[in-house]
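*Asks:* Output the structure for:
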Amino acid sequence: MTYSRSKVFCDWLDVTCHPELSFIPTVEAFLAYHFFPVIFSADGRTGYKIGEGVLILECKRMWHRSSCSGSSVRELEAKGIFRDYVNILGSVGHNVTRLDAAVDLGIDAPGFLRKLEQAYPDDLFSFGRKALRVTRLYSARATDRALTGTWYAGHRSSARVTGRVYDKQAEAFEKRGELLPPTTRIELTFKKDYNCSLYDVLMPESLFYSHASPKLLDAPEGVYIPDWASRGLVPWVSEPKDYTLTLERFDYRVSSSPELLK
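*Replies:* You can find the predicted model right below:
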């Protein structure tokens with residue numbers, strides 16, 4: 001069967017650092033510079049509205065964290081500033097504590113889910129040596145009553161790598177009333193013990209396919225995908241830009257504000 005396939009993309013990113021050498025002040029300056037609004041602030045947690053998503057900055061005694069949702073990643077990418085954000089995170093010692101890498105397939109999910117069920121009838125799946133329990137959370141799709149939902153490998157487990165395959169079309173309609181063409185999303189979550197790096201955030205193809213192919217999805221035909229190796233020990237060198245909110249920058253924001261142009 002022929003169907004469209006997206007590039008591998010980052011769909012969630014959590015990065016932590018030590019409080020004594022923290023990226024939090026620079027991230028705050030970056031968000032202020034680009035006029036992303038604060039939507040809540042309490043108990044050491046501050047949330048910023050970025051597109052349809054939220055970026056959360058969290059400060060604890062032993063660590064600081066920046067958590068960027070998939071929708072926020074898309075918005076930063078659309079504005080051409082996601083790499084700038086990543087550079088800030090990499091400007092100090094840091095750990096990637098969660099990285100979601102995903103691919104969207106232009107195929108109706110129920111048929112894809114039935115094939116997964118046939119491939120793993122004992123509800124056990126493994127990315128490596130340890131078997132993960134498969135969990136299926138299905139319901140009748142609102143549009144045509146087809147049985148669909150999410151197929152999980154390692155749902156709510158402590159495994160370093162877990163996966164899920166789900167009906168993105170149904171999810172978008174149920175959560176936001178958004179109408180998408182048939183779309184199946186395959187998403188892998190790499191946790192803190194996996195030693196991912198910011199290179200994997202910006203170039204996740206090798207990381208994704210070395211784990212997903214061929215058990216969940218074959219790598220693209222004609223594309224060589226080398227085995228992924230941890231690059232967490234390779235130094236990330238970056239020098240963040242100056243995000244001082246100058247009067248000139250503020251004046252630009254006011255003069256170009258869509259609210260004032262109405």
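
*Asks:* Could I get the contacting residues of Lys168?
*Replies:* By CB atoms under 8 Å, 6 or more residues apart in numbering, the residues touching Lys168 are 104, 109, 180, 183-185. Yep, even glycine has a C-beta here, placed from its N, CA and C like the rest.

*Asks:* can you tell me how far it sits from Arg114?
*Replies:* Counting by CB to CB, to the nearest Å, the separation of Lys168 from Arg114 is 17 Å.

*Asks:* what's the answer for Gly51, then?
*Replies:* In terms of CB to CB, Gly51 sits 34 Å off from Arg114.

*Asks:* the more surrounded of the two?
*Replies:* The neighbour comparison of Gly51 against Arg114 (other CB atoms under 10 Å) goes to Gly51, with 17 against 12.

*Asks:* Pretty sure that one sits against Ile81.
*Replies:* No: look at Gly51 against Ile81 with CB atoms under 8 Å: they stay out of range, at 11.8 Å.

*Asks:* And the average pLDDT for stretch 165-182 is what?
*Replies:* Stretch 165-182 shows a mean pLDDT of 90.

*Asks:* partners of Arg136 in the sheet?
*Replies:* Beta-bridge pairing of Arg136 under DSSP bridges involves Trp151.

*Asks:* Show the contacting residues for it.
*Replies:* Applying CB under 8 Å, 6+ apart, we find Arg136 in contact with 113, 117, 149-152.

*Asks:* which stretches of this structure form helices?
*Replies:* 24-33, 70-78, 82-89, 109-119, 168-176, 198-202, 205-212, 247-255, 258-261 (DSSP state H).

*Asks:* Name the residues of the fifth one that are buried.
*Replies:* Using 16 or more other CB atoms under 10 Å as the test for burial, helix 168-176 gives 168-171, 173.

*Asks:* Could you check how far Gln169 is from Arg136?
*Replies:* Distance of Gln169 to Arg136, given as CB to CB: 18 Å.

*Asks:* what comes up buried for stretch 101-115?
*Replies:* Buried residues in stretch 101-115 (16+ other CB under 10 Å): 101-105, 107-110, 112-113.

*Asks:* What is the end-to-end distance of it?
*Replies:* Stretch 101-115 has an end-to-end distance of 22 Å (CA to CA, to the nearest Å).

*Asks:* try stretch 75-87
*Replies:* Note: stretch 75-87 ends 17 Å apart using CA to CA.

*Asks:* longest strand anywhere in the chain?
*Replies:* Ranked by number of residues, the top strand in the chain under DSSP state E is strand 94-105.

*Asks:* quick one, it and helix 70-78 angle?
*Replies:* Relative orientation of strand 94-105 versus helix 70-78 (axes from the mean of the first three to the mean of the last three CA atoms, to 10 degrees): 90 degrees.

*Asks:* neighbours of Leu188, just the number please.
*Replies:* The burial count for Leu188: 24, using other CB under 10 Å.

*Asks:* what do you get for Ser158?
*Replies:* Counted with other CB under 10 Å, Ser158 comes out at 8.

*Asks:* What values do phi and psi take at it?
*Replies:* Torsion angles at Ser158 (phi, psi; degrees, to the nearest 10) stand at phi -90, psi 10.

*Asks:* quick revisit: can you put the buried residues of helix 168-176 in CSV and add distance to Ser210?
*Replies:* CSV is the format used below for these (distance: CB to CB, whole Å):
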residue, distance to Ser210
Lys168, 23
Gln169, 28
Ala170, 29
Glu171, 26
Phe173, 33
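
*Asks:* which two from the residues you listed end up farthest apart in space?
*Replies:* Greatest spatial distance among these (CB to CB): Lys168 and Phe173, at 9.7 Å.

*Asks:* anything in contact with each of those two?
*Replies:* Leu180.

*Asks:* Which residue, other than its chain neighbours, is closest to Thr26?
*Replies:* Spatial nearest neighbour of Thr26, excluding adjacent residues (CB to CB, 6 or more residues apart in numbering): Ile88 at 4.9 Å.
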